[in-house]
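J.: show me how the following folds:
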Amino acid sequence: MAGRITAVLGPTNTGKTHYAIERMLAHRTGVIGLPLRLLAREVYDRIVKARGPSVVALVTGEERIVPERAAYWVATTEAMPEVGADFVAIDEIQLCADPERGHVFTDRLLHMRGLHETLFLGSETMKGAIAALVPGVQFMRRDRLSKLSWAGSKKTSRMPARSAIVGFSVENVYAIAELLRRQKGGAAVVMGALSPRTRNAQVAMYQNGDVDYLVATDAIGMGLNLDIGHVAFSATAKFDGRRMRHLFPHEIGQIAGRAGRHTMDGTFGVTGDASPLPPEVITAVEEHRFAPIQRLQWRNPRLEFGTAERLIRALEESPQNEWLSRGREADDLRALKALVAVPEIADRLRHPHDIRLLWDVCRIPDFRSISESEHATLLGRIFGFLQAGKGVPSDWLKSQIERIDKPLGDIDTLSRRLAFIRTWTYVAQRKGWVDDEAHWREETRAVEDRLSDALHGALTQRFVDRRTSVLLRRLKQKETLVAEVNDKGEVMVEGEFAGRLEGFRFRQDGTSSPDEAKMLARAAYEALKPEFSLRADRFYNAPDTEMDFTEQGGLMWGSTAVGKLVKGADPLKPSVEAFVDEEAGADVAEKVKRRLQHFIDRKVAALFEPLLAMSRDEALTGLARGFAFRLVENLGVIPRESIATEVKELDQDARGQLRKHGVRFGQYTIFQQALLKPAPTRLRLVLSSLWEGLQEFPESPPPGLVTIPYIAEVPTSAYTLSGYRPAGSRAIRIDMLERLADILRTQDTKGGFEAVADMLSITGMTLEQFADLMQGLGYKAEKGEREKSRPAAEPKAPVEGGENPIPEEASPIAEAEAEAAETAPETEVFYTFTWAPRPRAPRHDRGPRREGGNREGGNREGGEKRQGGKPEFRRDREKGDGERKFDKPKGKKPHGKPRDEEKARHFEARPPKKDKPIDPDNPFAVLAALRDRK
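T.: Numbering: from 1, shown residues only. I've put the predicted structure just below:
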């Protein structure tokens with residue numbers, strides 16, 4: 001009975017193979033099938049390191065290591081053993097569509113199952129096919145942690161360091177590597193035809209930094225996890241064994257995806273004579289979106305061995321499922337047809353056993369790739385030995401191996417000998433084909449290792465410039481290369497400027513040639529060793545006042561960046577990454593990192609002291625402790641509507657305990673007042689952005705501003721963490737908003753009220769801006785105009801002597817202007833505000849009612865009820881922090897007004913005017929009289 005079946009799909013470089021290894025080791029037994037012998041060996045070594053060699057088996061066409069207590073089997077997909085294992089995994093499952101090998105992967109997809117768990121790993125292009133062919137499968141997507149971007153076309157001479165250049169023929173790979181040797185000092189070479197030993201040696205040379213460039217075939221697209229920053233295609237077409245064709249977009253994505261690792265971003269492009277990729281292909285690769293695979297290659301697994309003709313007919317049978325198509329004629333089928341056509345062999349096929357044996361021999365891969373006829377001749381010779389019942393003669397096998405065991409010659413000769421030995425390694429792995437199987441397995445493996453080492457040496461000699469070692473020797477001669485560092489951090493080598501020391505990193509001058517640059521860098525680092533130690537001691541003893549953090553999480557020592565903050569185990573416990581060159585040494589790096597950690601720990605402790613003190617208060621229990629945890633989790637600021645239920649459940653004792661720590665229960669926000677200061681706010685934004693894993697951190701507003709512009713693209717959470725709440729076209733500081741809310745609670749929000757001077761003073765707004773703010777808070781603002789009241793005229797002081805002077809004769813113009821000013825009324829704009837919450841949807845349109853809450857305003861503490869759409873809060877008399885607690889007298893409203901006076905309430909924003917006769921020509925005066933009429 002098969003267990004859970006999961007398809008783990010996603011782009012390249014997402015760690016799918018690593019995930020499969022973890023899942024397999026979680027079971028008692030397991031089998032994992034991998035597309036390459038190189039990758040199988042790498043996975044085998046990792047599992048042996050974790051579980052030991054006594055329980056791990058490796059089975060490939062050329063290698064077989066099977067201990068007696070084997071529990072975990074690592075194999076190439078073609079060599080997967082049919083054992084009853086708890087766990088089964090197939091890697092690179094998208095190879096089901098491969099014209100050459102696809103039928104093998106399709107067979108494993110359809111039939112290989114683990115008793116408890118089965119994993120299919122590969123590209124998301126397989127999702128539709130897997131869903132159609134595998135009942136009950138579950139899908140899991142794994143995304144890249146880094147970004148992959150198109151970098152355009154670059155010349156090989158301008159290729160950045162840590163680049164991989166991809167070619168699709170041996171000749172092309174060699175030509176590129178030779179060019180890099182001349183221009184860049186050398187390159188490592190990786191091809192599918194290399195043995196695992198040669199490939200690993202070349203990869204180690206790249207990983208160690210002996211060379212900064214890698215030249216590879218498309219074999220780099222599977223299982224090769226290296227520190228590659230850029231992948232360049234020297235061609236966009238390849239020979240697939242039958243014809244030249246352009247690469248498919250998903251093939252380009254598979255190879256380009258090797259650029260970048262974990263969270264390190266990568267780029268891809270073209271070089272040499274390769275034309276730039278079409279825009280649609282670039283977009284598909286960057287966004288990991290490719291056309292789904294519509295057909296899987298299939299070959300009939302139910303073979304008939306009655307006669308050779310029946311076997312061939314079964315192999316050529318067409319599938320009945322629309323998702324499957326008969327694959328291209330494989331090498332083993334062509335070899336079978338060729339051998340059956342030989343009369344001497346056809347006459348010896350008298351029994352189904354002979355047919356089965358011939359088929360097993362035909363499945364020996366054509367590693368040599370000389371010609372089909374030569375391959376068939378070799379297979380016929382082996383079949384003759386095996387049918388005779390004595391296996392391959394040891395003397396004959398020994399002579400074949402001795403002809404190959406010659407670790408001398410050029411790259412092509414050694415590569416050809418490695419291909420030849422793979423044939424005999426494969427034969428030695430088959431049970432019963434040779435005498436003393438263990439001996440011949442060891443013998444063929446030893447020959448392969450010797451040839452592999454020789455090939456690695458030949459590749460290194462040809463494609464790595466030996467002048468590098470000469471430069472390293474010259475560096476040891478102090479009299480030839482003298483370096484020094486001045487007080488400005490400038491590094492001089494032989495009197496020439498080599499670069500500058502910035503903090504604990506050396507910035508090399510980029511004007512020198514590659515060879516010269518490497519030599520100067522080594523000399524500069526020799527001179528910088530004592531300087532690194534002196535700077536580290538000085539930095540470690542520097543006061544915190546010399547250090548600071550930037551709003552993007554950088555850590556500064558004066559004006560120099562010396563590190564950055566990284567996500568820690570807790571939002572209030574960030575970790576640090578020090579910017580220290582590797583050449584400075586582990587001691588210097590550790591000292592710088594430790595000092596930076598001390599700085600940020602003390603900074604958090606000082607700026608968030610009220611929050612940390614509350615988290616440590618053992619007197620807080622029950623709901624109060626849980627609420628404190630929520631506040632700590634949100635760094636001291638929480639929108640009230642997000643925790644309305646928790647607020648409602650708090651009793652007055654719990655609130656009192658929290659208020660002792662400066663917690664304010666506002667109408668709109670729950671916060672600690674001390675944490676709204678500029679310094680905690682700035683740090684809170686950095687810590688929250690780190691915890692959320694943002695690429696770009698929001699910056700804190702300038703200190704002292706009551707309101708700031710509201711930008712719709714900025715998340716509301718960023719405003720909350722900054723200490724502001726969006727309302728209309730601006731965002732208002734949350735503590736000033738609570739002061740405004742205190743005033744608004746004294747107003748008749750149902751009957752309407754006007755803005756008073758205190759409201760405008762608190763917000764620092766004009767009347768128009770205040771109206772926009774109030775609408776953002778849920779109020780309706782009605783604009784109007786009226787006659788502006790005039791102050792009463794002051795009596796004139798009496799003139800000395802007790803008599804008024806004789807007035808001079810007034811001019812006619814002055815009299816006319818005075819009369820016009822006396823008759824023309826002066827108007828003013830005013831707004832009337834009423835509480836206008838969003839209308840509730842009909843009951844059938846609304847979602848489920850949240851327990852203890854409401855839809856518009858969330859929960860209100862103490863069980864307050866909404867009357868007329870206006871939220872009412874109770875103020876605690878002792879604290880006065882925006883919540884009032886009343887004993888309601890019978891027959892009175894919470895504000896103390898008698899109920900029968902409710903309709904008679906009237907509020908004015910200015911003193912009452914004296915009664916004046918109504919001017920029939922003044923419409924504003926008539927409207928005012930109508931408004932005041934009882």
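
J.: SS state for the residue nearest in space to the middle of the chain?
T.: The chain has Leu145 as the residue nearest its centroid, 3.2 Å off, counting by CA atoms, centre = their mean. Secondary structure assignment for Leu145 (DSSP: H, G, I helix; E, B strand; the rest coil): coil.

J.: didn't it look like it was pressed against Asp265?
T.: No: contact status for Leu145 versus Asp265: not in contact, 9.6 Å apart, counting by CB atoms under 8 Å. Bear in mind the C-beta positions are built from the backbone N, C-alpha and C, glycine included.

J.: returning to what we had before: tell me who's in contact with the residue nearest to the centre of the chain.
T.: For Leu145, the residues meeting the contact criterion (CB atoms under 8 Å, 6 or more residues apart in numbering) are Thr14, His262, Thr263.

J.: go on, Ala7?
T.: Listed by CB under 8 Å, 6+ apart, the contact set of Ala7 reads 93, 119-122, 126-127, 130, 134, 137-140.

J.: check Ala428 too.
T.: Applying CB under 8 Å, 6+ apart as the definition, the contact partners of Ala428 turn out to be Val434, Glu437, Trp440, Arg441, Glu443, Thr444.

J.: who wins on neighbours among those residues?
T.: In terms of neighbour count, Thr444 stands highest of these at 26 neighbours, by other CB atoms under 10 Å.

J.: from Arg142, how far off is Pro11?
T.: Between Pro11 and Arg142 the distance, using CB to CB, to the nearest Å, works out to 8 Å.

J.: quick one, which of the two is more surrounded?
T.: Between Pro11 and Arg142, counted using other CB under 10 Å, the more crowded position is Pro11 (22 against 16).

J.: measure the closest residue to that one other than its chain neighbours to Pro249 for me?
T.: Take Pro11 and drop its neighbours on the chain: the residue closest to it by CB to CB, 6 or more residues apart in numbering is His288, 4.0 Å away. With distances taken as CB to CB, His288 is found 10 Å from Pro249.

J.: what do you get for Leu455?
T.: Here the distance between Leu455 and Pro249 works out to 34 Å (CB to CB).

J.: CSV please, covering the contacts of Leu145 and showing secondary structure.
T.: Compiled in CSV, these are given as follows (three-state DSSP):
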residue, secondary structure
Thr14, coil
His262, coil
Thr263, coil
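
J.: please check those and keep the buried ones.
T.: Among these, those buried by neighbour count (16 or more other CB atoms under 10 Å) are Thr14.

J.: reformat the contacts of Leu145 as TSV; add distance to Phe168 and pLDDT.
T.: What follows is these, written out as TSV (distance: CB to CB, whole Å; pLDDT from 0 to 100):
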residue	distance to Phe168	pLDDT
Thr14	25	77
His262	28	72
Thr263	30	77
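
J.: just the contacts of Leu145 now: which is nearest Gly114?
T.: For Gly114, the nearest member of these is Thr14. The distance, counting by CB to CB, is 21.7 Å.

J.: do you know how far Pro11 is from Ala89?
T.: When Pro11 is compared with Ala89 (using CB to CB), they lie 19 Å apart.

J.: for Phe629, that is, sorry about that
T.: 41 Å.

J.: okay, these two: which has more neighbours?
T.: With neighbours defined as other CB under 10 Å, Phe629 and Ala89 compare such that Ala89 has more, 27 against 13.

J.: okay, Ala71: pLDDT?
T.: You'll see Ala71 listed with a pLDDT of 95.

J.: and if you look at Pro574?
T.: Turning to Pro574, the model gives it a pLDDT of 94.

J.: low-scoring stretches of this protein, by residue?
T.: In the predicted model of the chain, residues 1-2, 223-224, 465-483, 493-496, 510-516, 519, 790-824, 838-934 satisfy pLDDT under 70.

J.: hmm, 50 instead?
T.: 467-473, 475-479, 799, 801-809, 841-914, 916, 918-934 (pLDDT under 50).

J.: on contacts alone, who are the packing partners of the biggest strand by length in the chain?
T.: Longest among the strand segments of the chain by residue count, using DSSP state E, is strand 560-570. Counting contacts by 3 or more CB pairs under 8 Å, 6 or more residues apart in numbering; DSSP states H and E, the secondary-structure elements packed against strand 560-570 are strand 554-557, strand 573-578, helix 586-607, helix 678-692.

J.: and the gap between Leu623 and Ser642?
T.: Shown here: Leu623 relative to Ser642, a distance of 16 Å by CB to CB.

J.: report how many residues lie close to the closest residue to Val166 other than its chain neighbours.
T.: Excluding its sequence neighbours, the residue lying closest to Val166 (CB to CB, 6+ apart) is Phe233, at 5.3 Å. Using other CB under 10 Å, Phe233 is surrounded by 24 other residues.

J.: wait, Phe233 sits on Thr271?
T.: Yes: using CB under 8 Å, Phe233 and Thr271 qualify as a contacting pair, with a distance of 7.2 Å.

J.: for the stretch 101-250 of the chain, which segments count as helices?
T.: Secondary structure of the stretch 101-250 of the chain (DSSP state H, counting those that start in this stretch): helices at 102-111, 127-133, 170-184, 196-207, 249-256.

J.: which outside residues touch the last one?
T.: When contacts are taken as CB under 8 Å, 6+ apart, the neighbours of helix 249-256 outside the stretch itself are 11-12, 94, 123, 125, 148, 166, 218, 220-222, 231, 233, 236, 266, 268, 277, 281, 284-285, 288, 290-291.

J.: again with the fourth one
T.: With CB under 8 Å, 6+ apart as the test, helix 196-207 has contacts from 37-38, 41-42, 188-191, 194, 211-214, 224, 226-227, 418, 448-449, 452-453, 455-456, 459-460, 464.

J.: out of these, which end up buried?
T.: Applying a neighbour-count criterion of 16+ other CB under 10 Å, the buried members of the contacts of helix 196-207 are 37-38, 41-42, 188-191, 194, 211-214, 224, 226, 418, 448, 452-453, 455-456, 459-460, 464.

J.: just the ones of the residues you listed in strands?
T.: Counted as lying in strands by DSSP E, out of the buried ones among the contacts of helix 196-207, are Ala188, Val189, Val190, Tyr213, Leu214.

J.: show me what counts as buried in the host helix or strand of Tyr426.
T.: Using DSSP states H and E, Tyr426 falls within helix 411-429. Residues of helix 411-429 classed as buried by neighbour count (16+ other CB under 10 Å): 411, 414-429.

J.: now do it against helix 170-184, angle only.
T.: Interaxial angle of helix 411-429 relative to helix 170-184 (axes from the mean of the first three to the mean of the last three CA atoms, to 10 degrees): 130 degrees.

J.: export helix 411-429 to CSV, keeping only CA atoms.
T.: Taking only C-alpha atoms (Å, rounded to 0.1, in the frame of the first residue of the first chain), the coordinates of helix 411-429 have been written out as CSV:
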residue,chain,number,x,y,z
ILE,A,411,42.9,15.8,-22.6
ASP,A,412,41.1,14.1,-25.5
THR,A,413,43.1,10.9,-25.1
LEU,A,414,42.4,10.7,-21.3
SER,A,415,38.7,11.6,-21.8
ARG,A,416,38.4,8.8,-24.4
ARG,A,417,40.0,6.3,-22.0
LEU,A,418,37.7,7.3,-19.2
ALA,A,419,34.7,6.6,-21.5
PHE,A,420,36.1,3.2,-22.4
ILE,A,421,36.7,2.2,-18.7
ARG,A,422,33.1,3.1,-17.9
THR,A,423,32.0,0.2,-20.2
TRP,A,424,33.9,-2.3,-18.2
THR,A,425,32.9,-0.7,-14.9
TYR,A,426,29.3,-1.3,-16.0
VAL,A,427,30.0,-4.9,-16.9
ALA,A,428,31.7,-5.5,-13.6
GLN,A,429,28.7,-4.3,-11.7
